[in-house]
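**Q** sequence first, predicted coordinates after that:
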Amino acid sequence: MNFDVIKNRLNAYERLVRLDKPTGTLLLLWPTFWALWLASGGWPRLDHLLIFFAGTVVMRSAGCAMNDYADRDIDPHVARTRGRPLATGEITPREALVVAGGLAAAAFCMVLFLNAYAIMLSFAGLAVAAAYPYAKRFFAMPQAVLGVAFSFGVPMAYAAVKARLPVECFWLMAATFFWIVAYDTEYAMVDREDDIRIGVRSSAILFGSFDVAAIMSCYAAMLVILGTLGWSMRLAWPYFTGLGIAGLIVVYHYRLIRGRDPDRAFRAFRHNGWVGFAVFAGVVLAYAQPNLRAFLTYAG
């Protein structure tokens, strides 16, 4: 048995599903965890946390394999993607489809441990996720499709916890949508010249010279919606501190992208994991704050 061959194949599969690049998983995970904490009043069930964590990792991996299958004739012509295993021929299109299907089936098996409402909702989420890889061919702003697909963890979390979708779920989904459009437009700035040459579409191309303004407007919309949501839910001050830190990170992103340098735009995109974490930390600490204050009072 040639262990080098096996090692190379495993490495190719790892790169196909982006296990070597966790940024995308975090960008999916943070809004889902925001929703779990808010829907459960700060006390999410352990089984929900495990199911949504594992499901996010597996479903993101399935989406990457499906995306590479859809872009198998495009990726070889884009500088950033021409080294992907499907583009180089390390993995065949059929293998990528089998991997995507197998992982999607595994994710659905996890959903079966949730309630009937969440199971029903998962079919809509799968349909949007499957449509996204092809959106850039016919839709001027495929980032909007990704915004729906990547924010679908929010209604799934509310469905799992409450078996319904209250109004705050839709506000949280809207905030997540604007965040996704912002960071994926940063991502699209990296490939803009290649995309124009090939003929595929993106928000970076659509916005043109207004790209930076559009990104910052989407970030602002996200923060305003989250702030309004926190005020309406009477969340404690740590939540708004988390939003403030996220806002400072957004200002840093502006400094990175204002020159439209592809490398700096990619740095801004990858840095969005910290934006999501800042909001998440604020949510967790907002619910923990009364208990922490009681503990400190008792300890004193």
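**A** Arrived safely. Numbering: from 1, shown residues only.
**Q** hey, let's count contacts and neighbours off CA atoms from now on
**A** Fine.
**Q** quick one, helices of the stretch 201-300 of the chain?
**A** For the stretch 201-300 of the chain, the helices defined by DSSP state H, counting those that start in this stretch occupy 203-207, 211-232, 237-257, 262-270, 272-299.
**Q** and the longest helix along the chain, what does it pack onto?
**A** Counting by DSSP state H, the longest helix found in the chain is helix 167-198. Contacts defined by 3 or more CA pairs under 8 Å, 6 or more residues apart in numbering; DSSP states H and E place helix 167-198 against helix 23-39, helix 142-150, helix 153-162, helix 203-207, helix 211-232, helix 262-270.
**Q** hey, C-alpha coordinates of the last one in CSV?
**A** The reference is to helix 262-270. Only the C-alpha atoms of helix 262-270 are listed here, as CSV (Å, rounded to 0.1, in the frame of the first residue of the first chain):
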residue,chain,number,x,y,z
PRO,A,262,-7.1,42.5,-3.7
ASP,A,263,-4.8,41.2,-1.0
ARG,A,264,-6.1,43.7,1.6
ALA,A,265,-9.7,43.0,0.6
PHE,A,266,-9.0,39.3,1.2
ARG,A,267,-7.6,40.2,4.6
ALA,A,268,-10.7,42.1,5.5
PHE,A,269,-12.9,39.1,4.4
ARG,A,270,-11.0,36.7,6.6
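**Q** name the residues that touch that helix?
**A** 23, 183-184, 186-187, 189-191, 253, 256-257 (CA atoms under 8 Å, 6 or more residues apart in numbering).
**Q** of these, closest to F3?
**A** For the contacts of helix 262-270, the residue nearest F3 by CA to CA is T23; the value is 29.5 Å.
**Q** sorry, back to before: dump the helices and strands packed on helix 167-198 into TSV; add distance to I196 and mean neighbour count as well.
**A** Output for those, formatted as TSV (distance: least, CA to CA, whole Å; neighbours: other CA atoms under 10 Å):
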stretch	distance to I196	mean neighbour count
helix 23-39	24	24
helix 142-150	14	23
helix 153-162	32	25
helix 203-207	8	21
helix 211-232	15	19
helix 262-270	15	20
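**Q** tabulate those helices in TSV, adding columns for mean pLDDT and distance to L285.
**A** Below are the helices and strands packed on helix 167-198 laid out as TSV (pLDDT from 0 to 100; distance: least, CA to CA, whole Å):
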stretch	mean pLDDT	distance to L285
helix 23-39	96	11
helix 142-150	92	25
helix 153-162	97	19
helix 203-207	94	35
helix 211-232	98	13
helix 262-270	95	24
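**Q** the helix or strand where I51 lies: which residues count as buried?
**A** Assigned by DSSP states H and E, I51 falls within helix 46-70. Across helix 46-70, burial judged by 16 or more other CA atoms under 10 Å covers 48-49, 51-70.
**Q** which element follows that helix toward the C-terminus?
**A** Next element after helix 46-70 (DSSP H and E): helix 85-88.
**Q** and that next one, what's buried?
**A** 85-87.
**Q** in TSV: the helices and strands packed on helix 167-198, plus distance to F113.
**A** Shown next, in TSV, are those (distance: least, CA to CA, whole Å):
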stretch	distance to F113
helix 23-39	16
helix 142-150	21
helix 153-162	10
helix 203-207	37
helix 211-232	29
helix 262-270	32
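**Q** circling back: nearest to L112, of the contacts of helix 262-270?
**A** T23 (26.8 Å).
**Q** any idea how far that closest one is from R94?
**A** 26 Å (CA to CA, to the nearest Å).
**Q** so which strand or helix has F108?
**A** helix 93-111.
**Q** ok, residues contacting that helix?
**A** Applying CA under 8 Å, 6+ apart, the set of residues contacting helix 93-111 is 16, 51, 55, 58-59, 61-66, 68-69, 72, 86, 118-119, 122.
**Q** mind redoing it with 6 Å?
**A** With contacts defined as CA atoms under 6 Å, 6 or more residues apart in numbering, helix 93-111 is touched by 55, 58-59, 62, 65-66, 69, 119.
**Q** next helix or strand past it?
**A** helix 116-135.
**Q** what's that following helix in contact with?
**A** 67, 111, 142, 145, 149, 156, 159-160, 163.
**Q** same list (those) but as JSON lines, adding distance to I6.
**A** JSON lines is the format used below for the contacts of helix 116-135 (distance: CA to CA, whole Å):
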{"residue": "N67", "distance to I6": "24"}
{"residue": "V111", "distance to I6": "32"}
{"residue": "P142", "distance to I6": "36"}
{"residue": "V145", "distance to I6": "37"}
{"residue": "A149", "distance to I6": "34"}
{"residue": "M156", "distance to I6": "37"}
{"residue": "A159", "distance to I6": "41"}
{"residue": "A160", "distance to I6": "39"}
{"residue": "A163", "distance to I6": "45"}
